[in-house]
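Undergrad: Below are the sequence and a predicted model for it; my questions follow.
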Amino acid sequence: MGVTAMKRRLRGVVLLVLALLLTATAVVLLHGEAEGDADASAVAAAPPFNASRVRAVSWRPRIFVYRGFLSDGECDHLVKLGKKKMQRSMVADRNSGANVMSEVRTSSGMFLNKRQDPVVSGIEKRIAAWTFLPEENAENIQILRYEHGQKYEPHFDYFQDKVNQALGGHRYATVLMYLSTVEKGGETVFPNAEGWESQPKDDTFSECAHRGLAVKPVKGDAVLFFSLHVDGVPDPLSLHGSCPVIQGEKWSAPKWIHIRSYEHQPISKETKGCSDNSARCAKWAEAGECEKNPVYMVGAEGAPGNCRKSCRVCDS
């Protein structure tokens, strides 16, 4: 074999090796994408904020409905994320601010991370555009599931306890997104809304929905309502609840927005009184709740949290 032929064969081997390496790299990259953001990147987003799709359903309290705020793909994506980690929903204790289980709220739920993926990030930006409120003032999106008979008795989204009030202030506004259409029941009802008696209702509304101004859960729609007056005073007319589901299953996603930054708040690092107020603090901390739920777990200046020892923000 001549020198020229040997060089040609060697060049062919090198090219073949390079081709195999590039192919393997492409496979790894594609596999990594499938494991990561492939699902999120394939979800079609709803159009940008469109004021023509919003209508006011009440001025006392201020309630607005946005038709088609989320696309079907976005709804399905949020439900898929929620199914991975559903737990019994809690309520905030009126005195301590601790998350406690109560029969007034029988749904199950979980919290997403902020900017968890492109779909979640896009929805968060759209909420900020609609409400004119900063993203940093909002809590993480919560995913809720209501099965047959499950409900949430009428309640306020602003706080009764001083612990939660110290962390971002009162909840100023709520954006409640519907991720499924409920066949019957599951309405969001406002018992104290002025003039609710004049809202036309037929037999497709549940008995619960006849006790106040009611919004039916329709997949992709969102409700924006304000728990405070424009001067920051709590509005008792904002009392609201979730009617029991009669037929079907209700998936929803509330986004609570505070009067000041909730994402960037001064965390208390005091060394005195280092303790946990619950035997479950260690497990919660291990599950990442110190970062996901700092309101309850860690606390802030002047309002220490309930799991400071497990979150390691104090000296034991």
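TA: Okay, I see it. Everything numeric in this text was worked out from a predicted model, so none of it was measured.
Undergrad: what about the helices in the stretch 151-300 of the chain?
TA: Here the stretch 151-300 of the chain has its helices, by DSSP state H, counting those that start in this stretch, at 162-165, 281-286, 289-292, 294-297.
Undergrad: Of the ones you listed, which stretch is the most buried?
TA: Burial of the helices of the stretch 151-300 of the chain is given as mean neighbour count (mean count of other CB atoms under 10 Å); helix 294-297 ranks first at a mean of 23. For every residue, glycine as well, the C-beta is placed using N, CA and C.
Undergrad: If you count contacts, what does that one end up packed against?
TA: Using 3 or more CB pairs under 8 Å, 6 or more residues apart in numbering; DSSP states H and E, the elements in contact with helix 294-297 are helix 281-286, helix 289-292.
Undergrad: Which one of those helices lies nearest to Pro191?
TA: helix 289-292 (31.8 Å; CB to CB).
Undergrad: Can you pull out the residues in contact with the closest one?
TA: Phe111, Asn113, Asn140, Trp284, Tyr296, Met297, Val298, Cys307, Ser310, Cys311 (CB atoms under 8 Å, 6 or more residues apart in numbering).
Undergrad: Work out the gap between that helix and the centre of the chain.
TA: On the basis of CA atoms, centre = their mean, to the nearest Å, helix 289-292 is displaced by 14 Å from the centre of the chain it belongs to.
Undergrad: okay, Met6: pLDDT?
TA: Predicted confidence (pLDDT) for Met6: 53.
Undergrad: about what we covered before: Throw the contacts of helix 289-292 into CSV and include distance to Val57 and pLDDT, thanks.
TA: Rendered in CSV, the data for the contacts of helix 289-292 read as follows (distance: CB to CB, whole Å; pLDDT from 0 to 100):
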residue, distance to Val57, pLDDT
Phe111, 28, 91
Asn113, 32, 92
Asn140, 27, 94
Trp284, 38, 85
Tyr296, 33, 73
Met297, 36, 80
Val298, 38, 80
Cys307, 40, 86
Ser310, 44, 88
Cys311, 41, 88
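Undergrad: Any of those buried? List them.
TA: Phe111, Asn140, Trp284, Tyr296, Met297, Val298, Cys307, Ser310, Cys311 (16 or more other CB atoms under 10 Å).
Undergrad: which one among these gets closest to Ser71?
TA: Closest approach between those and Ser71, by CB to CB: Asn140, at 20.8 Å.
Undergrad: May I have the phi/psi pair for the closest one?
TA: phi -60, psi 150 (degrees, to the nearest 10).
Undergrad: Can you name the residues that contact it?
TA: Phe111, Leu112, Asn113, Lys114, Lys292.
Undergrad: How about the closest residue to it other than its chain neighbours: which residues does it bridge to?
TA: Once flanking residues are discounted, Asn140 sits nearest to Phe111: 4.6 Å by CB to CB, 6 or more residues apart in numbering. Using DSSP bridges, the beta-bridge partners of Phe111 come out as Gln142.
Undergrad: Does Phe111 touch Ile141 like I think?
TA: Yes: using CB atoms under 8 Å, Phe111 makes contact with Ile141 at a distance of 7.2 Å.
Undergrad: is Pro304 in a bridge, and if so with what?
TA: Gly299.
Undergrad: got a pLDDT number for it?
TA: pLDDT, Pro304: 72.
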